[in-house]
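**Student:** Curious how this folds, go ahead:
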Amino acid sequence: MNGIDRIRKAHVAIMSHKKWCAYSALLACGTVKVDDACPTAYTDGWNVTYGSKFINGLNEPKLRLLVLHENTHKAYRHMHIYKDLSDIDRRTANIAMDHFVNLSIMDTDDGEGFVEMPECGVKPDPKYRGWSVKQIFDDIYKKEEGGDGDESEKPDDGDDEGNNGDGGGMDDHDWDNASGSDPKDQQAQAEEIERAVRQGEILRKKMQGKGSGNANGMFDDLLKPKVDWRAILRQFLTVTCTATGESSWARTNRRLLASSDVYMPGDIGKTARHLVIGFDTSGSCFNSDEMTMFVSELNTIVKTVKPKLATVLYVDSEINGSQTFRNGQIAVHNIKPKGGGGTDMTACFRWCTENGIKPDAMIILTDGYTPYGTAPGYPVLWAMTTDVQAPYGLTINIKD
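**Tutor:** Predicted structure coming up:
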């Protein structure tokens, strides 16, 4: 059996499995090829390439783990979210991502034996269970930069030589092609990957209903993020706004990088020239916990992103008022929501059209109980306080 046929066989096994079928739609995202010149395997966050010699040396469980490994990188969009970490230390970023991925896969397998770790590659460290990639990176980078401990305490990437000097071991990560792709393509890929993850989870639950499957999904933390949602906002703005301004995402804000798991470039304001924020002031949100949350998040968004111009629209069934803030200058006591009626957040899009405005991006703070209309032709992030999913744009839950 040749290499591509073995990969297809692994795909079929994954798609047919009670737990791993959650990857079914994800496996169809991007292209898959086998290349004699590839030493191991790699992904650019969308496409996957396998080395023919390398996969011929793997048994079926190890090959299945390799396939799941590459597609987990895709699901979490590691190659785009953590590009800044690779700019700091590519080898450490590779190792941190692989600890996260391999630990997730082996924990999901839970001793069943459907997958098996190859001899090379990052051996998952239980210490990092529940940690984000950024937290793992910080832990490893601190030890290596400080020179603490002897060589036996250094993180093992499973390959003394590394892969092109990057410490890839079982696989490499194609940062250059991922970071160089067109922002519009990145957005389309992100939306397709999100749909694939959700479709896979629906399939897994259907199989669970037949008496097979496990209680917890592989991508629970993607579908209901437990991390600060502003990390997802960062990804959204990276993808949607980078091409519109002068900002270099290589120049990170070191103070934020050192103090939290969320990091933004210091000059993102040059990138996000005009950000429109729709603020749901309908009766279901007005004078409620949602209203307090929206005020807090609005304040954080404007201060963190620092767009040259932020237009805030207070919306129930129509626009009840608006405010503008420039260069991140905002104070909570200056936020003046108005409303209390029905809900129609598409009024935000109509307002932009009537005023001849096409923002770099729009963020809508809402409980989700609104008409949606059609996509407006610019990036939209729906920041929901419920589990409602918008039919287009990127949806995140800011309440969990």
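
**Student:** so what's the backbone phi/psi at the residue nearest to Thr31 when sequence neighbours are not counted?
**Tutor:** Of all residues beyond its chain neighbours, the one nearest Thr31 is Asn47 (4.7 Å), with distances taken as Cβ to Cβ, 6 or more residues apart in numbering. Any C-beta I mention is one placed from the backbone N, CA and C, and that applies to glycine too. In terms of degrees, to the nearest 10, the main-chain angles of Asn47 are phi -100, psi 150.

**Student:** any idea of the pLDDT on Asn47?
**Tutor:** At Asn47, the model reports a pLDDT of 94.

**Student:** In contact with it, which residues?
**Tutor:** By Cβ atoms under 8 Å, 6 or more residues apart in numbering, the contact set of Asn47 is 30-33.

**Student:** Take those and keep only those in strands.
**Tutor:** 32-33 (DSSP state E).

**Student:** Report the buried members of the contacts of Asn47.
**Tutor:** Listed as buried from those are 30, 32; burial here means 16 or more other Cβ atoms under 10 Å.

**Student:** Let me know the closest of the contacts of Asn47 to Met384.
**Tutor:** Gly30 (27.9 Å; Cβ to Cβ).

**Student:** Not including adjacent chain positions, what is the nearest residue to Val332?
**Tutor:** Asn299 (5.2 Å).

**Student:** Just the residues contacting the one helix or strand the one you found maps to, thanks.
**Tutor:** For Asn299, the element it lies in under DSSP states H and E is helix 289-305. Helix 289-305 is contacted from outside by 230, 233, 237, 264, 268-269, 272, 275, 277, 279-281, 284-285, 310, 312, 325, 328, 330-332, 335, 337, 363, 365, 367, 383, 385, 398-399, using Cβ under 8 Å, 6+ apart.

**Student:** Measure how far the helix or strand that comes right after it is from the centre of its chain, please.
**Tutor:** The helix or strand immediately downstream of helix 289-305 is strand 309-315, counting by DSSP H and E. Strand 309-315 sits 26 Å away from the centroid of its parent chain (Cα atoms, centre = their mean, to the nearest Å).

**Student:** Okay, now the sheet partners of strand 309-315, with direction.
**Tutor:** strand 274-280 (parallel), strand 319-326 (antiparallel) (DSSP bridges).

**Student:** which outside residues touch the first one?
**Tutor:** Under the criterion Cβ under 8 Å, 6+ apart, residues 290, 294, 298, 301-302, 305, 307-316, 337, 343, 345, 348, 352, 357, 359-367, 370 lie in contact with strand 274-280.

**Student:** same check, this time on the longest one
**Tutor:** By Cβ under 8 Å, 6+ apart, the residues outside strand 319-326 that reach it are 281, 302, 308-314, 334-339, 347-348, 351.

**Student:** Show me the strands in this protein, by range?
**Tutor:** Under DSSP E, the chain gives strands at 32-35, 41-43, 48-51, 172-173, 274-280, 309-315, 319-326, 361-366, 380-384, 394-397.

**Student:** Can you report how many residues lie near His333?
**Tutor:** 5 (other Cβ atoms under 10 Å).

**Student:** Looking at it now. What's its pLDDT?
**Tutor:** For His333, pLDDT reads 72.

**Student:** likewise the one 3 residues further on?
**Tutor:** According to the prediction, Lys336 has pLDDT 83.

**Student:** That one: what's it in contact with?
**Tutor:** 314, 321, 323.

**Student:** Give me the buried entries from these.
**Tutor:** 314, 323.

**Student:** Report the separation between Pro39 and Asp89.
**Tutor:** 21 Å (Cβ to Cβ, to the nearest Å).

**Student:** contacting residues around Met79?
**Tutor:** So Met79 contacts 43-45, 73, 173-175, 178-179 (Cβ under 8 Å, 6+ apart).

**Student:** hmm, 7 Å instead?
**Tutor:** Contacts for Met79 (Cβ atoms under 7 Å, 6 or more residues apart in numbering) come out as 43-45, 73, 173, 175, 178.

**Student:** how about TSV for those residues, with neighbour count added?
**Tutor:** Shown next, in TSV, are the contacts of Met79 (neighbours: other Cβ atoms under 10 Å):
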residue	neighbour count
Thr43	25
Asp44	22
Gly45	28
His73	24
His173	24
Trp175	23
Ala178	23
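
**Student:** Lowest-scoring secondary structure element of this protein by mean pLDDT?
**Tutor:** One helix or strand of the chain scores below all others by mean pLDDT, DSSP states H and E: helix 254-259, with a mean of 31.

**Student:** Next, the buried residues of the helix holding Asn299.
**Tutor:** 290-291, 293-294, 297-299, 301-302, 304-305.

**Student:** Take those residues and write them to a markdown table, including distance to Met97 and pLDDT.
**Tutor:** Shown next, in a markdown table, are the buried residues of helix 289-305 (distance: Cβ to Cβ, whole Å; pLDDT from 0 to 100):
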| residue | distance to Met97 | pLDDT |
| --- | --- | --- |
| Glu290 | 35 | 76 |
| Met291 | 38 | 79 |
| Met293 | 31 | 79 |
| Phe294 | 33 | 84 |
| Glu297 | 28 | 80 |
| Leu298 | 32 | 83 |
| Asn299 | 32 | 83 |
| Ile301 | 27 | 80 |
| Val302 | 31 | 82 |
| Thr304 | 24 | 75 |
| Val305 | 26 | 76 |
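
**Student:** Just give me the closest of those residues to Asp125.
**Tutor:** Thr304 (31.8 Å).

**Student:** separation between the closest one and Val133?
**Tutor:** Distance from Thr304 to Val133, by Cβ to Cβ: 20 Å.

**Student:** before we move on, what about Met362?
**Tutor:** For Met362, the distance to Val133 - Cβ to Cβ - is 28 Å.
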